[in-house]
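S.K.: Here you go, sequence then predicted model.
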Amino acid sequence: MLDILVLAAGKGTRMRSDLPKVLHPVGGKALVQHVADTARAVGGEQILIIVGHGAEKVQEKMAAPDVKFVLQAEQLGTGHAVQQALPQLRNDATVLILYGDVPLTRAETLQKLIAGVNDKQMGLLTVDLPDPTGYGRIVRDEKNAVVAIVEHKDADDEQKKIREINTGIMAVKAAHLQKWLPQLKNNNAQGEYYLTDIIAMAKADNIAIHVEQPNAVEEVEGINNRQQQAALERFYQKQKANELMVAGVTLLDPSRIDVRGNLSAGRDVVIDVNCVFEGDVVLGDGVIIEPNCVIINSKIGNNTRIKAYSHIEEAVMAADCDIGPYARLRPGTDLADEVKIGNFVETKKAVIAKGSKVNHLSYVGDAKVGSKVNVGAGTITCNYDGVNKFKTEIGDNAFIGSNSALIAPVKIGAGATVGAGSVITRDVEDAELAVGRGKQRNIQGWERPKKH
């Protein structure tokens with residue numbers, strides 16, 4: 001039985017932000033969301049998030065069936081924070097204590113820590129730092145057993161030489177917390193109730209301290225300022241890049257990719273520099289993403305090429321499509337095989353069938369386009385009258401001449417042709433030619449105006 005506490009009540013003054021610190025992002029996801037997701041991955045049956053500063057915002061963001069919130073009205077230290085949650089803990093549970101501003105701890109690390117907890121032993125996550133300044137030191141006895149944690153401000157000169165530091169992450173039986181936490185005192189340099197003081201209490205009660213360490217220091221690094229946020233962002237992105245390359249993806253520069261969600265890719269995928277992936281993105285086999293593209297919550301079919309500077313959001317495309325450069329595919333775009341969307345083309349709620357082309361400088365919105373349609377440069381489906389949206393339908397093999405405006409609701413039949421420069425306000429039947437433009441007049445003897 002596992003209860004997980006997430007301490008998320010701090011203000012984060014050094015972030016210099018109106019947003020609670022734990023809601024700032026790494027990898028496109030709030031810090032505390034990373035922690036909650038990890039809590040679920042290790043099997044947390046009950047997640048208790050301790051809130052304080054910006055409590056309403058944190059609760060709104062993190063509301064979920066398996067989450068309960070505990071208010072720490074005054075921030076009087078980590079021990080005080082955990083005290084607030086005592087009534088919510090199940091008596092026979094193991095309690096894992098995490099921090100809402102420490103986002104990248106691996107589930108595997110925490111599982112090893114939890115495995116060492118029983119009625120006679122608690123778990124403590126530590127790490128060795130080249131420069132431990134500012135951190136609580138792990139004090140061991142002559143048998144190398146942990147006997148105490150001394151905060152930096154309370155440490156003597158000899159203790160300050162210790163490089164092994166406390167990460168704050170620990171796992172302990174709820175029954176032990178219920179005994180130890182009421183005994184905490186705040187007679188220290190900070191005037192706070194330190195959770196770390198329970199280590200000495202455990203020693204006094206002959207409860208052994210089982211120690212684990214993470215694979216990388218970044219797993220246990222917290223975020224207190226923008227510099228630390230940026231550093232962990234780069235570490236996170238490096239991890240994501242390595243995962244993609246292990247899976248067979250070619251990254252032309254692994255240091256210039258940002259994954260802010262979940263990116264899955266098939267075989268022989270190539271991603272060029274400065275591409276951003278947000279939300280859930282799926283890339284099929286043989287997909288090529290050229291430089292400076294942004295792809296959000298989209299699925300891209302096999303052998304499709306996304307050319308440079310394209311922006312794709314909540315769109316689906318099948319195999320062998322050719323997109324961009326400088327294309328914008330907005331939500332609801334659904335492309336069949338072999339569709340071509342060219343430079344400076346925008347689509348929205350457009351379902352386009354196999355082999356059709358929208359090559360240049362066009363807008364296709366709220367539209368259903370058949371197969372092998374050619375939409376000329378500068379064409380607009382005029383789908384909005386200022387209040388309501390209307391649909392345009394274009395049949396198979398239709399040809400829409402350049403600089404045409406299709407005033408929805410309107411249907412263009414199969415095999416129909418719309419002459420360039422036309423404004424179409426009525427349906428066009430199959431195989432018809434529609435021309436809707438003013439008659440041209442050529443005036444002889446006309447002189448341009450001249451400046452006086």
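M.R.: Structure's in. What do you need?
S.K.: which parts of stretch 102-117 are buried?
M.R.: 102-106, 109-110, 112-114, 116-117 (16 or more other C-beta atoms under 10 Å). (Glycine included, C-beta is placed from N, CA and C.)
S.K.: Which one of these is nearest to Asp285?
M.R.: The nearest member of these to Asp285, counting by C-beta to C-beta, is Arg106 at 29.6 Å.
S.K.: before we move on, the earlier item: please tabulate the buried residues of stretch 102-117 in CSV and include pLDDT and secondary structure as additional columns.
M.R.: What follows is the buried residues of stretch 102-117, written out as CSV (pLDDT from 0 to 100; DSSP: H, G, I helix; E, B strand; the rest coil):
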residue, pLDDT, secondary structure
Val102, 98, coil
Pro103, 98, coil
Leu104, 98, coil
Thr105, 98, coil
Arg106, 97, coil
Thr109, 98, helix
Leu110, 98, helix
Lys112, 97, helix
Leu113, 97, helix
Ile114, 97, helix
Gly116, 95, coil
Val117, 97, coil
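S.K.: a markdown table for the residues you listed, including distance to Asn144?
M.R.: Shown next, in a markdown table, are the buried residues of stretch 102-117 (distance: C-beta to C-beta, whole Å):
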| residue | distance to Asn144 |
| --- | --- |
| Val102 | 26 |
| Pro103 | 31 |
| Leu104 | 28 |
| Thr105 | 24 |
| Arg106 | 25 |
| Thr109 | 21 |
| Leu110 | 23 |
| Lys112 | 19 |
| Leu113 | 18 |
| Ile114 | 22 |
| Gly116 | 16 |
| Val117 | 20 |
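S.K.: all helices of the stretch 151-300 of the chain, in order?
M.R.: Along the stretch 151-300 of the chain, the segments classed as helices by DSSP state H, counting those that start in this stretch run 174-180, 198-204, 226-246.
S.K.: Can you list the helices and strands that the longest one packs against?
M.R.: It refers to helix 226-246. strand 25-26, strand 250-251, strand 257-265 (3 or more C-beta pairs under 8 Å, 6 or more residues apart in numbering; DSSP states H and E).
S.K.: Quick one: residues contacting Arg437.
M.R.: 419, 421-423 (C-beta atoms under 8 Å, 6 or more residues apart in numbering).
S.K.: Repeat the analysis, applying 7 Å as the threshold.
M.R.: Shown in contact with Arg437 (C-beta atoms under 7 Å, 6 or more residues apart in numbering): 421-423.
S.K.: Could you tell me which of those belong to helices?
M.R.: Among the contacts of Arg437, no member falls in helices (DSSP state H).
S.K.: any idea which of the residues you listed is the one closest to Ala93?
M.R.: Val423 (70.5 Å).
S.K.: Domain map for this protein?
M.R.: Listed by automatic domain parsing, the domain ranges of the chain are 2-220, 247-334, 345-439.
S.K.: Most neighbours among the contacts of Arg437, which one is it?
M.R.: The most crowded member of the contacts of Arg437, judged by other C-beta atoms under 10 Å, is Ser422 (22 neighbours).
S.K.: Run a quick neighbour tally on the closest residue to that residue other than its chain neighbours.
M.R.: Closest residue in space to Ser422, ignoring its immediate chain neighbours: Gly436 at 4.1 Å, by C-beta to C-beta, 6 or more residues apart in numbering. Per other C-beta under 10 Å, the neighbour tally for Gly436 reads 17.
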